[in-house]
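below is the sequence, then the predicted model.
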Amino acid sequence: MAAAKPKRKVGRKASAAKRPATRRKSSLADSALVKKAEQGLAKVESMIDKERESVAAAKKKAEAAVAKAKSSAKAADKKAAKRAKAALTKANAKLRQTRTKLNKSKSDLSSAKAVAKIKASEEAVRQKINERAEALASKAESDLEKALKQFEQRFKKKRLAENKKKLAEIERKLVSKHKQATKQLASKVGDAKLLAEAKVGVKKKAATKKKAAKKKATAKKAVAKKSAPKKAASKKKAAPKKAAAKKVAAKKAPAKRAAAKKAARKKAPAKKAAAK
């Protein structure tokens, strides 16, 4: 007994390859040109069937008439045999014409299918182009958004660096002008305290410098809190010394006043003599 042949396993590729064929068949069936050609072919095929039946009937009739004419000596039977043969010849001729029509209908159907395939291919290409155009357009928009964001980030970073340099240069120039003006005006101000009050520092608006100032302020507060008990103790120790100094100043005040009065009395006669 011969061994059975192993069955071939049909993979996914085969099923995937069959799917486009069904799609093509459905697209061809939907074509109006193919439908018309198929209807014409079906009509001719039905005509062929009828012609074959008529040829078969004419052949059977002709054979019977010929057989009868051979066995009979009548002229009518011989004429009937001739008419039957002529009818058979006519039926065969008509069948040949119908077969020619059948061949033409088949060629028309194949041409219609070819044209439908071309149109379906064109539609598929157009559809794919439109799909790719939409995909590329959406990708271009997303890429544009990304590029704009990247450009914005780079622009901001670059502009911030440039602005920082420009502000540093402006600050340097203004501070130097301020120092020159301060030196020139300091010579005109005689009072040192007034000059100190008139001096105004240049304010810096950079965020990093503000943060540094805040950190320094918190550090100073912490140091001030730690040094507060020491200052209170030193003030308590200095309080008796200040009280003693005030007492000494109070004792010396009458003596200074008396000396001042005596000096004023001595200067008064001298002023009068100078006036005379």
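Sure thing, it's come through.

so where's the stretch 101-250 of the chain shaky on pLDDT?
Low-confidence segments of the stretch 101-250 of the chain, defined by pLDDT under 70: 188-214, 220, 222-250.

for the closest residue to residue 116 other than its chain neighbours, give me the pLDDT.
Leaving aside its chain neighbours, residue 116 sits nearest to residue 31 (3.8 Å; criterion: Cβ to Cβ, 6 or more residues apart in numbering). Where C-beta positions appear, they are placed from N, C-alpha and C, glycine not excepted. For residue 31, the pLDDT comes out at 75.

surely residue 31 meets residue 109?
No. Residue 31 is not in contact with residue 109 according to Cβ atoms under 8 Å; the separation is 11.1 Å.

how many other residues sit next to the residue nearest to residue 116?
18 (other Cβ atoms under 10 Å).

could you do residue 102 as well?
The burial count for residue 102: 17, using other Cβ under 10 Å.

got phi/psi on it?
With angles defined as degrees, to the nearest 10, residue 102 sits at phi -60, psi -50.

for residue 145, give its distance to residue 135.
16 Å (Cβ to Cβ, to the nearest Å).

burial measure for residue 142, as a count.
10.

host element of it?
Residue 142 belongs to helix 75-186 when assigned by DSSP states H and E.

who are the contact partners of residue 90?
residue 58 (Cβ atoms under 8 Å, 6 or more residues apart in numbering).

tell me how far it lies from residue 62.
In terms of Cβ to Cβ, residue 90 sits 11 Å off from residue 62.

likewise for residue 42?
30 Å.

comparing the two, which shows the higher neighbour count?
With neighbours defined as other Cβ under 10 Å, residue 42 and residue 62 compare such that residue 62 has more, 21 against 12.

got the contact list for the closest residue in space to the more buried one that isn't next to it in sequence?
In this structure, residue 62 finds its nearest non-sequential neighbour in residue 84, 3.8 Å apart by Cβ to Cβ, 6+ apart. By Cβ under 8 Å, 6+ apart, residue 84 lies in contact with 58, 61, 62, 64, 65, 66.

now a PyMOL select for only the buried ones of those residues.
Only the buried members of the contacts of residue 84 enter the following PyMOL selection, criterion being 16 or more other Cβ atoms under 10 Å:
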select buried, resi 58+61+62+65+66
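
element containing residue 65, please.
helix 32-71.

does anything pack onto that helix? Which helices or strands?
helix 75-186 (3 or more Cβ pairs under 8 Å, 6 or more residues apart in numbering; DSSP states H and E).

ok and the helix it packs on relative to helix 32-71, angle-wise?
Note on geometry: by axes from the mean of the first three to the mean of the last three Cα atoms, to 10 degrees, helix 75-186 and helix 32-71 are set 170 degrees apart in direction.

what number of residues lie near the closest residue to residue 77 other than its chain neighbours?
Residue nearest to residue 77 in three dimensions, not counting chain neighbours: residue 69, with 4.6 Å by Cβ to Cβ, 6+ apart. By the measure other Cβ under 10 Å, the count of residues near residue 69 is 20.

pLDDT score for residue 10?
pLDDT at residue 10 comes out at 44.

got it, and the one 3 residues further on?
According to the predicted model, the pLDDT of residue 13 comes to 44.

list of residues touching stretch 41-61?
For stretch 41-61, contacts defined as Cβ under 8 Å, 6+ apart pick out 84, 87-88, 90-92, 94-95, 98-99, 101-102, 105-106, 108-109.

filter the residues you listed to the buried ones?
84, 87, 88, 91, 94, 95, 98, 101, 102, 105, 108, 109.

domain parsing for the protein?
20-145, 235-268 (automatic domain parsing).

quick one: the spatially closest residue to residue 40 that is not a sequence neighbour from residue 127, how far?
In this structure, residue 40 finds its nearest non-sequential neighbour in residue 105, 5.0 Å apart by Cβ to Cβ, 6+ apart. Residue 105 is 32 Å from residue 127, where distance means Cβ to Cβ.

check residue 35 too.
22 Å.

more neighbours: those two, which one.
Between residue 35 and residue 127, counting by other Cβ under 10 Å, residue 35 is the more crowded of the two (14 against 10).

three-state assignment of residue 73?
At residue 73, secondary structure determined by DSSP: H, G, I helix; E, B strand; the rest coil is coil.
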